[in-house]
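[1] Provided below are the primary sequence and the corresponding predicted coordinates.
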Amino acid sequence: MAKIYDPLYYSFADPGFPHIPKNVVVRAEDHLAVEAAAYSPLDHKFGGKLMPKFHGSWIVNIPLKDLERPVGLTLVEHLDGVSLGDLEPKAYTNEKRLRVVARVLDARVRLWFTSVEHLHPACE
């Protein structure tokens, strides 16, 4: 699976300072750097077990007329299965739901003990 950090898809708007646009290239590169920094040390310990295996990160210069623009990319293992967001809890017994919650919490606690906080970029 590829995660793309393309500045063209970042918002210039800053609710706190609407008259000053955000530097979307810097924000995209920051998100790429944080993602790679989080995956790199964890991959040796948890890669392929509690999280997808990390294959690396790159910045690729994409041609745009007479210019080039940087686009970040991370590659992680594709995991077969259903995303937690797509699960239908009512289709499972209470026992199965508890097992899913227990596995998610176990993974979360293990990552927490390695000082990793999982935040979505929209939460900043």
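    Done, it's in.

[2] buried stuff in the longest helix anywhere in the chain?
    When the chain is parsed with DSSP state H, its longest helix is helix 24-46. By 16 or more other C-beta atoms under 10 Å, the buried positions in helix 24-46 come out as 25, 27, 28, 29, 31, 32, 35, 38, 39, 42, 43, 46. In short, each C-beta sits where N, CA and C put it, glycine included.

[3] The third one reaches residue 6, doesn't it?
    Yes: the criterion here is C-beta atoms under 8 Å, and residue 28 meets it with residue 6 at 6.6 Å.

[4] what is in contact with the two at once?
    Overlap of the contact sets of residue 28 and residue 6 (by C-beta atoms under 8 Å, 6 or more residues apart in numbering) consists of 71, 72.

[5] can you tell me which residues contact the most centrally placed residue in the chain?
    The chain has residue 35 as the residue nearest its centroid, 6.2 Å off, counting by C-alpha atoms, centre = their mean. When contacts are counted by C-beta under 8 Å, 6+ apart, residue 35 is found next to 3, 5, 57, 74.
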